[in-house]
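Asker: Return atomic coordinates for the entry below.
(2 chains)
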Amino acid sequence: MLDYVFFGGLVLYFLAMVLTFFGMVFKKEKISAFGWLLFLAGFALSTVYLVIRGIRAGRLPLSNQFEFAAAFSWGIAVMLIFLHYRYQAEWIDAAAIAMTFLILSYAALQPREITELMPALRSAWFGFHIGSAAFSYAAFILAGAAGVRYILTAKKNPEDERLETMDYFIYRLIAVGLLLLTITILSGAIWAEEAWSAFWTWDPKEVWALITWILYSVYLHLRLGRKKTGTFMAWYAVIAVPVVLFTFIGVNTLMPGLHSYGAVLRGILM
Amino acid sequence: MKKTLQFLRSMKFGVILLILIAVISAAGSLIPQNEAPMVYVRAYPQYYQMIFFLQLDHVFTSWYFIALTVMLCLNLTFCSLTRFGKIEKNTGSLKEKAFQVKAVSQLSSEETEYIRNYLEKKKYRKETRGDTTVYSGNEIGKYGTFLTHLGILLTVIFWSCAMYLPVVTDLTCMPQETVTMEDGMKIYVDSFAIEDETGKLDYSSVLKIILPDGKESELKRTSVNHPASFGPYKVYQQTYGTTGKLTVKDQKGNEDVFYPESKDFLSADGVNGIWYDDLYPGYIQDEDGHLTFITSTSGHYDDPVYVFDLVTDGQPERMLAFPGDTVESGEYTFIFEEPVEYPGLRVKKSPKMINALLLAGFLVMTFGLYITFFMPQVLVAVTPEGYTVLGSKPETMRMTLKEELRRRNRAGGK
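Answerer: Got it, this is the predicted structure:
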């Protein structure tokens, strides 16, 4: 039954993605609005799914690749809804809904069984560290989605007055993401000291989180220090997205380390 | 000299250093680190010489990575000092400037009034001279980038100290036994368990820490994520193991306890005794009588079985034994006891002050980032013609006011 809720959300996201895309391309506001409603329905199902899963597991649903991807996708949706209603940033909808759908699709490819939390994850830092990572990645993905929209809009009409707002949104989303990523790294360091005796072990996940942090720090230096704006910075936000995805997916699947909770590591209490 | 100093504190230099650190770190994550030389020779037969030459087998402790980190610290130091100097210099003068600037954003009188009301609703400090009103707030915001860079500097320095100063030792200790460290510190392990009271996997040891001066702690529990601390020592529950236990008695009634390892030969005369093989969590016997021994990942042995060779006059005979079984061979009687689960502990000795300073660095950095982006200094000059936003990071306020005006226009100008 719970799987129906999950896949129901996924299908609704897919339909919302298609409709908002068509609405954007053919400038059909009604189609876009209907697509948005489907997205909200998909978000409601995803929320219900995560809540029920959390209740069944007796913990926050953030413990493996599936749960993290579902939470990551949910984080993008939460931020998108906030931007949509607080700032009327409808221009970001199509690209952001596509990212929400793609991340949830990745989750759908992962094993979904509820497993007991391993001893290393039973910590007060669990929700804080992983939750901030999910929202941080979500902010970076939304910045990338805003970057895509900026590039397309600038190509079509370089004088479009929304460009300034789009550029500002990219910057703010990256600022939010960087603050959250800083909290993720620092809380992870404190947790690592409690669990593994060292604040930092140059584990691949740590290294790539640092690389992501540096990447976005450089963005902010260019934006604030060099006053760089516009298409170049939009491209920067878009090109940085694969690095975020590599930190999330690539490192876990290609580089075994202390964060590979899916694998049984001999000699270390996971 | 001046030019060198300018470059050292420049943002350009800082960004170059960050990019280099990122690139080198990426290489360090792709190439296995701190492995034996033969691992690289086998894995990279064509490139291993280059890997050794460029120290890519240990990039994070290579001279150039350390040099880059030191240069980053220098850049952050100079940059922080410069920023602090600028903030102090600009304090006051910026406000004076605000009273003299002309309105950059030209508005109607209703719109200007709307902006005034918005700023007053936010309770920003107000100062009026002539027809110019300057609204100011979030004074702390101007220290944002300074605090962020200072926080990063403190973090890098104390992070390095926290990584390289502690003395870390891994050890195993059987329950009810004591191990002594090189510096005279002792650990007495009272008990070890793989599961908690509810049967849930939770590795934990109850132990006592005895300092080199003889001062001893009470019994403390250490488990994953919850190290036991006493004095400058922290004891982590790191690994675990299960070992067999044999009580050996001779004919005079003397007895001794052994935790045998694979291939140990326990004998008085060298020709009679037992040749210990291993302890298994259990076994499966098929229809033909073949045995398959199972392995355990949890460390818990539900149905333990000992495998050994009983050696009689030099002739080995493969045998199994279960806890409680007794075997006689030569002068000895061997009693196979219940297996013993034991902890692998990690002992870390480090000055507590470093951790406290590092945490302070974390807090300064996070707080700095927060006020940089979410509490930027507000300095808005409103005249009858419109308004101008000044301050250290004027963009956020400028966009906020624009958004407020848009919202007003969407609501029909109210």
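
Asker: State the mean pLDDT of the helix or strand hosting residue A:179.
Answerer: Taking DSSP states H and E as the definition, residue A:179 sits inside helix A:162-196. For helix A:162-196, the mean pLDDT works out to 94.

Asker: just stretch B:15-24 next, same as before
Answerer: Mean predicted confidence for stretch B:15-24 is 96.

Asker: helices or strands up against the lowest-mean-pLDDT helix or strand in chain A?
Answerer: Ranked by mean pLDDT, DSSP states H and E, the helix or strand of chain A with the weakest confidence is helix A:251-254, at a mean of 83. Using 3 or more C-beta pairs under 8 Å, 6 or more residues apart in numbering or on different chains; DSSP states H and E, the elements in contact with helix A:251-254 are helix A:204-220. From N, CA and C alone the C-beta is placed, and that goes for glycine too.

Asker: Who are the packing partners of the next helix or strand after the helix it packs on?
Answerer: Counting by DSSP H and E, the next helix or strand C-terminal to helix A:204-220 is helix A:231-245. When contacts are defined as 3+ C-beta pairs under 8 Å, 6+ apart, helix A:231-245 sits against helix A:125-156, helix A:162-196, helix A:204-220.

Asker: Between the ones you listed, which one is closest to residue B:320.
Answerer: For residue B:320, the closest of the helices and strands packed on helix A:231-245 is helix A:162-196, at 38.6 Å, according to C-beta to C-beta.

Asker: Okay, buried residues for the closest one please.
Answerer: Within helix A:162-196, the residues that count as buried by 16 or more other C-beta atoms under 10 Å in any protein chain shown are A:163, A:165-196.

Asker: do stretch A:214-225 as well
Answerer: Using 16+ other C-beta under 10 Å as the test for burial, stretch A:214-225 gives A:214, A:215, A:216, A:217, A:218, A:219, A:220, A:221, A:222, A:223, A:224.

Asker: now stretch B:49-63
Answerer: B:51, B:56, B:57, B:58, B:59, B:60, B:62.

Asker: Ok, stretch A:72-90 next?
Answerer: Judged by neighbour count using 16+ other C-beta under 10 Å, the buried positions of stretch A:72-90 are A:72-80, A:83-84, A:87, A:89-90.

Asker: contacting residues around residue B:161?
Answerer: B:354, B:357, B:358 (C-beta atoms under 8 Å, 6 or more residues apart in numbering or on different chains).

Asker: Mind checking which of the residues you listed land in helices?
Answerer: B:354, B:357, B:358 (DSSP state H).

Asker: May I see the residues you listed arranged in JSON lines, with neighbour count and distance to residue A:41 as well?
Answerer: Output for those, formatted as JSON lines (neighbours: other C-beta atoms under 10 Å in any protein chain shown; distance: C-beta to C-beta, whole Å):
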{"residue": "B:354", "neighbour count": "19", "distance to residue A:41": "52"}
{"residue": "B:357", "neighbour count": "18", "distance to residue A:41": "51"}
{"residue": "B:358", "neighbour count": "24", "distance to residue A:41": "47"}
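
Asker: Can I get those residues in CSV including distance to residue B:144 and pLDDT?
Answerer: Below are those laid out as CSV (distance: C-beta to C-beta, whole Å; pLDDT from 0 to 100):
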residue, distance to residue B:144, pLDDT
B:354, 26, 91
B:357, 22, 94
B:358, 21, 94
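
Asker: Reformat those residues as CSV; add distance to residue B:200.
Answerer: Shown next, in CSV, are the ones in helices among the contacts of residue B:161 (distance: C-beta to C-beta, whole Å):
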residue, distance to residue B:200
B:354, 34
B:357, 37
B:358, 33
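
Asker: thinking again about what came up before, show only the entries of the buried residues of stretch B:49-63 found in helices.
Answerer: Going by DSSP H, the helices hold residue B:51 from the buried residues of stretch B:49-63.

Asker: Output those of the buried residues of stretch B:49-63 also counted as contacts of chain A.
Answerer: Contacts with chain A within the buried residues of stretch B:49-63, counted by C-beta under 8 Å from any C-beta of the partner chain: residue B:60.

Asker: Widest-spaced pair of the buried residues of stretch B:49-63?
Answerer: The most widely separated members of those are B:51 and B:60, with 14.3 Å between them, by C-beta to C-beta.

Asker: From chain A, how far off is the residue of chain B most remote from its centre?
Answerer: No residue in chain B sits farther from the centre than residue B:130, which is 57.5 Å out by C-alpha atoms, centre = their mean. Using C-beta to the nearest C-beta, to the nearest Å, residue B:130 is found at 31 Å from chain A.

Asker: List the contacts of residue 216.
Answerer: In the absence of a named chain, chain A is used. Going by C-beta under 8 Å, 6+ apart, residue A:216 touches A:140, A:174, A:177, A:178, A:181, A:240.

Asker: Not quite, go with chain B.
Answerer: With contact set as C-beta under 8 Å, 6+ apart, residue B:216 has these partners: B:208, B:209, B:210.

Asker: Please tell me how far it sits from chain A.
Answerer: Taking C-beta to the nearest C-beta, one finds residue B:216 at 22 Å from chain A.

Asker: The stretch 101-250 of chain B against chain A: which residues are in contact?
Answerer: B:145, B:155, B:159, B:162-163, B:166, B:168, B:200-203, B:223-227, B:234, B:236-240.

Asker: What about those, which are in strands?
Answerer: Mapping those onto strands (DSSP state E) picks out B:168, B:201, B:202, B:203, B:223, B:234, B:236, B:237, B:238, B:239, B:240.

Asker: The first one against residue A:196, yeah?
Answerer: Put plainly, it is residue B:168. No. Applying C-beta atoms under 8 Å, one finds residue B:168 not in contact with residue A:196, separated by 10.5 Å.

Asker: Now do the same contact list for residue B:18.
Answerer: By C-beta under 8 Å, 6+ apart, the residues touching residue B:18 are A:214, A:217, A:218, B:72.

Asker: Quick check: the farthest pair among those?
Answerer: A:218 and B:72 (13.1 Å).

Asker: the inter-axis angle of the strand or helix carrying residue B:368 versus helix A:204-220?
Answerer: Using DSSP H and E, the element containing residue B:368 is helix B:352-374. With axes from the mean of the first three to the mean of the last three C-alpha atoms, to 10 degrees as the basis, helix B:352-374 and helix A:204-220 are set at 40 degrees to each other.

Asker: Pull out the buried residues from helix B:352-374.
Answerer: For helix B:352-374, by 16+ other C-beta under 10 Å, it's B:354-355, B:357-359, B:361-362, B:364-373.

Asker: how about it, does it reach chain A?
Answerer: Yes. Against chain A, helix B:352-374 shows contacts by C-beta under 8 Å from any C-beta at B:355, B:358, B:359, B:362, B:365, B:366, B:369, B:370, B:372, B:373, B:374.

Asker: List the contacts of the worst-scoring helix or strand of chain B on mean pLDDT.
Answerer: Least confident helix or strand, chain B: strand B:105-106 with a mean of 77, by mean pLDDT, DSSP H and E. Identification of contacts with strand B:105-106 by C-beta under 8 Å, 6+ apart yields B:385, B:386, B:387, B:388, B:398, B:401, B:402.
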